[in-house]
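In: This is a predicted model, with the sequence first.
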Amino acid sequence: MSEVITEYRNENTKNIDILPTIEIVRKMNEEDKLVALAVEEEIENIASAVDLIAKQFLKGGRLFYFGAGTSGRLGILDASECPPTFSVSPDMVQGIIAGGDSAFRTAVEGAEDNFDLGYEDAKVLKENDVAVVISASGNPKYLLGVLKRAEDVNCKTIGITCNSKGRIAEEAGLVICVEVGPEVIAGSSRLKAGTASKMVLNMLTTGAMIKIGKTYENFMIDLKATNEKLKDRAIRIVAQIANVPHSEALATLLKCDWEIKTAIISIMMKIDVEQARLELKKHGGVLRKLLNIYQSV
């Protein structure tokens, strides 16, 4: 059995059970401060993963997260945020948890130890997809099954772990190993390891979406305006980029079913909504490409 760093005892929190509440919270905060620094050590590998995912997206590939327990839940969380944030299909980024959807709320005992279950769940993978396996310990047999299936279909793989001696660090094609050290409570990898994994997942999807043109500057130009807060945001984005009053931004958004990029192009190029949609389609939906051409004329 490989060494499991996440099970080590943290010398800094040995007496946490007899500390005043303020000191318990302070100890946890002190340990959390180490997480961002540990993630920083893996910046180059994270950047490589972002480029790989973006490349596969442009080929029509999808991103799949696989994990057990906390890791699986984090993958589902990140995947579920992509459609409303970037207006992508729910199929483009998917999270799969060992034990099925019911395991999101209730632990399914033994699921992470099942190689065959991982292999079976990974049958959704195709050659142009990317499989990201997430595990603090890096040892679940479920994920080894996923990696084997990915290898069989020539699918790119990325491993996110906190244990350089874990099996997925040996098996995954590209490895992001964030060594956060022992947890506040020994073995409770939903803490620092969970925070580290969430930070990395944020970078993977956000970075890849930026690379394929889902943002303009740091504006969320592909969001789905499905509630009042998001409609207000859409109006502000159009008004700022197109440099028009909020009233004009709203009027144009209403004409184009709240499509932010369409509204911007319609206003700036002084064309109707359908022409704006056609112009965007010609340029792969990438607003900056189209605006660069327009502004250079």
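Out: Here it is on my side, so go on.

In: mind showing which ranges of the chain have poor pLDDT?
Out: 1-6, 297 (pLDDT under 70).

In: mind pulling up the phi and psi values for residue 260?
Out: phi -60, psi -50 (degrees, to the nearest 10).

In: Leaving out chain neighbours, which residue sits closest to it?
Out: Spatially, and ignoring its direct neighbours in sequence, residue 260 is nearest to residue 221 (4.9 Å; Cβ to Cβ, 6 or more residues apart in numbering). C-betas here are computed from N, CA, C, even on glycine.

In: separation between that neighbour and residue 63?
Out: Distance from residue 221 to residue 63, counting by Cβ to Cβ, to the nearest Å: 20 Å.

In: returning to that earlier point: the residue nearest to residue 260 is in what secondary structure piece?
Out: Following DSSP states H and E, one finds residue 221 outside all helices and strands.

In: OK, contacts around it?
Out: Residue 221 is in contact with 214, 215, 237, 241, 260, 261, 264, 287, counting by Cβ atoms under 8 Å, 6 or more residues apart in numbering.

In: Now with 7 Å, please.
Out: Contacts for residue 221 (Cβ atoms under 7 Å, 6 or more residues apart in numbering) come out as 215, 237, 260, 261, 287.

In: since we're on the closest residue to residue 54 other than its chain neighbours, how many residues are nearby?
Out: Distances taken as Cβ to Cβ, 6+ apart put residue 211 closest to residue 54, at 3.7 Å, once the chain neighbours are dropped. Residues near residue 211, counting by other Cβ atoms under 10 Å, number 16.

In: ok, residue 211 to residue 58 distance?
Out: Taken as Cβ to Cβ, the span from residue 211 to residue 58 is 9 Å.

In: Now name the helix or strand holding the closest residue to residue 36 other than its chain neighbours.
Out: The spatially closest residue to residue 36, leaving aside those adjacent along the chain, is residue 199, at 7.1 Å (Cβ to Cβ, 6+ apart). Residue 199 belongs to helix 192-211 when assigned by DSSP H and E.
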